[in-house]
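Student: fold the following and give me the result.
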Amino acid sequence: MLNICFMGNPKFAVQTLDVLYNDENFDVKLVVSSKDKKRSRNKLTPTEVKKYATDHGLNVLTPDSVNTYEFVNELESLEIDFIVVVAFGQLIGDLLLERFNDRIINLHPSILPKYRGAAPMQFSLLNGEKKISPTTMLIEKGLDSGDILTQELVDIDIKDDYYSLEEKMSEYGSKAIRYTLLNFDEVYANRKKQDSSKATFTKKITKDMGKINWNDESIKIYNKIRALIYY
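Tutor: Prediction:
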């Protein structure tokens, strides 16, 4: 059985946590998420990942930073085998990278090195991409620049919007993480470096990006609507 520390925040990450929690091959020793935030009516609301972990009796921490000796010592005391990161937000620093070298696995929903950064699914839709991939990769210092462990092309249907694509990628991504962990020696031996010369980057989505120029081509307007439908 592999001891897992899971780091994540949004709904997109929950299915991967659920798959690991319900698989007898894994023991989710610790869930790490962001602190509760004030949302409607100034009520403190936990992340979707923290909600799931709390509902299932999992050990949860919400540290200001995961890059401290105190936090790393906590992981070592739990005899963590792998750290799984899905849309977590905090940068992983030198201390964690050194202590858990090549054992920090990230799920990124794009065909890396294309669409590195925070909004790969949105930009895939904005640009009318026909394919996407749940990429499992090793974390290193750079932004989504670590070695690729697995990639599997998934169709983006013309009817997909952000909600349906997120659901699709949650499903495929959770399977990719499970496969990567269970076959780690094989996928690690066959890992491949990214070609940084082909890298593209996304940026944080803002409300202004949702403004429609009605003089644009119809397909461009359609792609913007389906990419930014949640705003």
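Student: closest to the centroid, which residue in the chain?
Tutor: Centroid check for the chain by C-alpha atoms, centre = their mean gives residue 86 as the closest residue, at 2.8 Å.
Student: hang on, that residue packs against residue 11?
Tutor: No: in this structure, residue 86 is not within contact of residue 11 by C-beta atoms under 8 Å, at 10.7 Å. C-beta coordinates here come from the backbone N, C-alpha and C atoms, glycine included.
Student: ok, which stretches of this structure are helices?
Tutor: For the chain, the helices defined by DSSP state H occupy 11-21, 48-55, 69-77, 94-99, 120-126, 162-182, 184-189, 218-227.
Student: from the contact counts, what lies against the first one?
Tutor: I take that to be helix 11-21. strand 2-8, strand 26-32, helix 48-55, strand 82-86, helix 162-182 (3 or more C-beta pairs under 8 Å, 6 or more residues apart in numbering; DSSP states H and E).
Student: at 6 Å what do you get?
Tutor: The helices and strands touching helix 11-21, judged by 3 or more C-beta pairs under 6 Å, 6 or more residues apart in numbering; DSSP states H and E, are strand 26-32, helix 48-55, helix 162-182.
Student: likewise for the fourth one?
Tutor: Secondary structure elements in contact with helix 94-99, counted by 3+ C-beta pairs under 6 Å, 6+ apart, are absent; no helix or strand qualifies.
Student: how does it look with 10 Å?
Tutor: helix 69-77 (3 or more C-beta pairs under 10 Å, 6 or more residues apart in numbering; DSSP states H and E).
Student: among the helices and strands packed on helix 11-21, which comes closest to residue 230?
Tutor: Among the helices and strands packed on helix 11-21, helix 162-182 comes nearest to residue 230, with 5.6 Å by C-beta to C-beta.
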